[in-house]
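# Compute the structure for the input listed below.
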Amino acid sequence: MDPVSQGVLGAAAAIIVAKNKHKLRQAAMVGGAAGMAPDLDILFQSSHDPLLALELHRQFTHSLVFIPFGALIVATLFWLLIFRKETVKSIYLYSIAGYATHGLLDSCTSYGTQLLWPFTHLRVAWDSIGIIDPFVTLPLLIGLVMACVSKTKAWIYVAVLIFFTYMGLGVVQHHRAINVVENLVMTDFPRPQRIRALPSIGNVIVWRTLHEAGEKYFINAVAVPLFGEVRLYDGRVVDKLKMQYHFPEIKPDSVQFNDVSRFRWFTDNWLAVDPQHPDRIIDLRYSTQVEGIQPLWAIQLDSDKQHHHVKFIRNTSTIKSDIVPFDKIFGATFFY
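Residues are numbered from 1 along each chain as shown. All right, here's what the predicted structure looks like:
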């Protein structure tokens with residue numbers, strides 16, 4: 001989730017646990033910082049290994065077991081630098097409340113969060129909200145400002161109620177999108193091995209759907225309005241990545257072959273070859289168009305340098321971006 005959303009949710013949690021109404025601003029400051037702190041893991045990067053950042057982002061700093069330790073670091077810094085007159089216990093309470101929200105909120109997105117590290121490297125992704133959504137952020141932000149100004153928690157309680165209502169709506173909408181795909185492929189053969197619906201940016205109406213059947217991946221967009229007919233937008237069909245077929249020259253004991261395995265883990269194995277660049281492997285979970293395959297990122301292989309790490313390529317597509325699909329949200333050109 002974006003840093004602003006993480007910060008306001010962390011601040012809201014800290015205000016809720018604050019016992020003194022005159023300390024709400026203090027609680028919001030500590031909780032907001034703690035709510036954003038886990039994303040400092042983006043500093044863990046390597047100039048030689050571009051995939052290291054993918055492996056470490058949303059890893060130990062986002063795990064449930066690290067919450068007490070991460071919160072302690074934040075609380076200690078605040079106590080030493082700003083709030084020396086306050087008890088460490090109160091600052092730590094605000095910090096742990098804020099820090100605890102981060103990994104859980106990130107797990108609601110589709111990117112993947114190692115919430116249960118170090119016990120498993122499973123990337124938890126509940127696919128219920130987009131990584132940026134103003135309907136998550138704005139109610140919390142308004143409630144936060146009003147609570148700090150008025151020195152009453154009532155505003156935060158209302159904001160948090162709206163937040164949980166919207167999160168619940170995201171879960172319902174996700175299941176509706178999955179059901180559309182299940183009904184679509186009910187009579188198909190081979191039957192799908194797995195189905196996934198990923199929220200688009202800024203809404204819970206339009207979903208990017210992926211399903212795997214046989215040796216193919218099927219990509220579509222599904223609009224599930226709160227009122228009105230469900231709409232399906234035809235997308236693309238692509239071959240699943242097969243290293244032996246698509247990159248036979250890359251040896252199994254090479255660095256790049258291992259990098260592909262790491263990228264496969266990161267993407268939950270939604271991998272295909274970029275039709276425009278046959279030396280690149282793309283992450284099908286994300287595209288500049290909801291029903292398209294224009295990648296937001298990819299890795300580039302080089303058989304002449306296969307004992308060096310792959311290159312990580314961010315989107316360079318010249319195709320019009322449709323990351324926030326306003327036309328589909330409001331129902332333009334549909335059929336189902």
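
# Please make it C-alpha for all contacts and neighbour counts, starting now.
Will do.

# Okay, domains of the protein per the record?
Per automatic domain parsing, the structural domains of the chain span 3-170, 185-314.

# Quick one: end-to-end length of the shortest one, please.
Using CA to CA, to the nearest Å, the gap from the first to the last residue of domain 185-314 comes to 32 Å.

# for the longest one, same thing?
Start-to-end span of domain 3-170 (CA to CA) is 20 Å.

# Just list the residues touching I156, thanks.
Contact analysis of I156 by CA atoms under 8 Å, 6 or more residues apart in numbering lists 12, 15-16, 140, 143-144, 147.

# Please report how far it lies from A33.
Counting by CA to CA, the gap from I156 to A33 is 17 Å.

# if I've got this straight, W155 is in a helix?
Yes - if the criterion is DSSP: H, G, I helix; E, B strand; the rest coil, then W155 is within a helix.

# need the strands for the stretch 151-300 of the chain, in chain order.
In the stretch 151-300 of the chain, the strands defined using DSSP state E, counting those that start in this stretch lie at 194-199, 206-213, 216-223, 231-239, 271-274, 277-283, 297-300.

# R58 reaches T113, doesn't it?
Yes - contact status for R58 versus T113: in contact at 5.1 Å, counting by CA atoms under 8 Å.

# what touches both of these two?
Counting by CA under 8 Å, 6+ apart, the contacts common to R58 and T113 are G103.

# mind checking the SS state of the residue located most distally from the centre of the chain?
The centre of the chain is farthest from one residue, K85, which by CA atoms, centre = their mean lies 38.3 Å away. Three-state call for K85 (three-state DSSP): coil.

# What distance do you get for it to V185?
Computed as CA to CA, the K85 to V185 distance reads 63 Å.

# ok so, going back, of the strands of the stretch 151-300 of the chain, which stretch is the most buried?
For those, the largest average neighbour count (mean count of other CA atoms under 10 Å) is found in strand 206-213, namely a mean of 25.

# Could you spell out the sheet neighbours of that one, each with its direction?
strand 194-199 (antiparallel), strand 216-223 (antiparallel) (DSSP bridges).

# Export those as CSV, with columns for distance to V65 and mean pLDDT.
Below are the strands paired with strand 206-213 laid out as CSV (distance: least, CA to CA, whole Å; pLDDT from 0 to 100):
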stretch, distance to V65, mean pLDDT
strand 194-199, 27, 96
strand 216-223, 36, 95
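
# Throw those into TSV and include distance to S5, thanks.
TSV is the format used below for the strands paired with strand 206-213 (distance: least, CA to CA, whole Å):
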stretch	distance to S5
strand 194-199	16
strand 216-223	25
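
# what stretches of this protein score poorly on pLDDT?
Within the chain, the stretches with pLDDT under 70 are 189, 316-321, 332-336.

# Now do the helices for it: every range, in order, please.
Assigned by DSSP state H, the helices in the chain fall at 3-17, 24-36, 52-56, 67-81, 88-107, 134-150, 154-184, 243-246, 255-266, 326-329.

# Quick check: which of these is nearest to Q276?
Closest to Q276 of those, according to CA to CA: helix 243-246, at 14.0 Å.

# Okay, the residue farthest from the centre of the chain and I91: tell me how far apart.
Taken as CA to CA, the span from K85 to I91 is 11 Å.

# just A272 next, same as before
Separation of A272 from I91 (CA to CA) stands at 48 Å.

# what number of residues lie near the closest residue to L141 other than its chain neighbours?
Spatial nearest neighbour of L141, chain neighbours left out: V8 (5.8 Å); criterion: CA to CA, 6 or more residues apart in numbering. Using other CA atoms under 10 Å, V8 is surrounded by 29 other residues.
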